[in-house]
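1. just to be clear, the model below is a prediction. Sequence and coordinates:
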Amino acid sequence: MGVRGVDGVIEVIMQSATQWVEALRSMGGTGSALYALVFLLATVAFVPASPLTAIAGFLYGPVGGTLLVSPVGMASATIAFVMGRTFLRPFVLRRLATRPRQAAIDRALARNGFRIVLLLRLASIVPFAPLSYALGASRISARDFLLASWLGLLPGTFLYVYLGSLVSSVSDILSGEATAGNATRVLTGMGLAAAVLALLSIAHCARKAANQSIEKELKHE
């Protein structure tokens, strides 16, 4: 497929997305419910959450969009977390049995999960759905996962919803123009700072967990 063919496919996708969004806008409460369902299914299936979040701002404004996306996003994260805990955990346990360093990170998540997840969500260094699946396979408590995810996702959710509320067409969101500007540069800077803190926190907690395990083994000898 040549460049023109690719451009044609992209144009068709953008036109279809625009028509879909306009249809949702005309459906009132039913449209909100349908949007929530699409957001839920799409994000569980690894579709990037950022453009969908911005579309909520375009449709429902900063406040309404945030109030809609925040609980639906948490529902999506919870589903991925549960799937990770039920389906992926046995696989992870087999890997941890032969990888002491990864086992130490798993123990660190069990002991300091709230802080680590909060920083990871603020940093956005790991995509939304993969992080939820991975954390489900870890030993972090469901309470720490849910609370830290909600608090960590809220600033980014509001920003993308707000940016979406400023655009005049859905094509601006899909083309990335809606997320280009000073606001996203600020969020990127905050994300980088949070990413560094998250990595340092994980390393510190994992090292501490590993040292405690070594001391425990020495006591039993």
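-> Arrived safely, thanks for sending.
2. got the contact list for stretch 76-89?
-> The set of residues that contact stretch 76-89 without belonging to it, under CB atoms under 8 Å, 6 or more residues apart in numbering, is 39-40, 43-44, 49, 128-129, 132-137, 142, 145-146, 149, 153. Yep, even glycine has a C-beta here, placed from its N, CA and C like the rest.
3. now name the helix or strand holding the closest residue to V126 other than its chain neighbours.
-> Here the nearest residue to V126 in space, its sequence neighbours aside, is L120; by CB to CB, 6 or more residues apart in numbering that works out to 6.1 Å. Here L120 sits within helix 100-123, counting by DSSP states H and E.
4. among the contacts of stretch 76-89, which are in helices?
-> Using DSSP state H to define helices, the subset of the contacts of stretch 76-89 located there is 39-40, 43-44, 49, 128-129, 132-136, 142, 145-146, 149, 153.
5. buried subset of those, written for PyMOL?
-> Here is the PyMOL command that picks out the buried ones among those, judged by 16 or more other CB atoms under 10 Å:
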select buried, resi 39+40+43+44+49+128+129+132+133+134+135+136+145+149+153
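6. where does the protein have low pLDDT?
-> Residues of the chain meeting the criterion pLDDT under 70: 1-13, 96-97, 99-102, 175-221.
7. all helices for this structure, in order.
-> If you assign secondary structure with DSSP H, the helices in the chain sit at 3-25, 29-44, 49-83, 89-96, 100-123, 128-136, 142-166, 170-174, 182-220.
8. list the buried residues in the shortest one.
-> The neighbour-count check on helix 170-174 (16+ other CB under 10 Å) flags 170, 172-174 as buried.
9. would CSV of those residues with distance to V21 be doable?
-> Shown next, in CSV, are the buried residues of helix 170-174 (distance: CB to CB, whole Å):
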residue, distance to V21
V170, 5
D172, 12
I173, 9
L174, 10
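10. any idea how far L174 is from the residue nearest the centre of the chain?
-> Taking CA atoms, centre = their mean, the centroid of the chain lies closest to F128, which sits 2.0 Å from it. When distance is defined by CB to CB, to the nearest Å, F128 is 18 Å away from L174.
11. number of nearby residues for the residue nearest to S165 when sequence neighbours are not counted?
-> Setting aside the residues directly before and after it, S165 is nearest to G57 in space (CB to CB, 6+ apart), at 3.9 Å. With neighbours defined by other CB atoms under 10 Å, the count for G57 comes to 28.
12. just the CA trace of stretch 49-59, in PDB.
-> Below are the C-alpha coordinates for stretch 49-59, written out as PDB (Å, rounded to 0.1, in the frame of the first residue of the first chain):
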ATOM      1  CA  ALA A  49      -6.700   6.100  26.700                       C
ATOM      2  CA  SER A  50      -5.500   9.600  26.000                       C
ATOM      3  CA  PRO A  51      -7.500  10.300  22.800                       C
ATOM      4  CA  LEU A  52     -10.600   8.700  24.200                       C
ATOM      5  CA  THR A  53     -10.300  10.900  27.300                       C
ATOM      6  CA  ALA A  54      -9.900  14.000  25.200                       C
ATOM      7  CA  ILE A  55     -13.100  13.000  23.200                       C
ATOM      8  CA  ALA A  56     -15.000  13.000  26.500                       C
ATOM      9  CA  GLY A  57     -14.000  16.700  27.000                       C
ATOM     10  CA  PHE A  58     -15.100  17.500  23.500                       C
ATOM     11  CA  LEU A  59     -18.500  15.900  24.100                       C
END
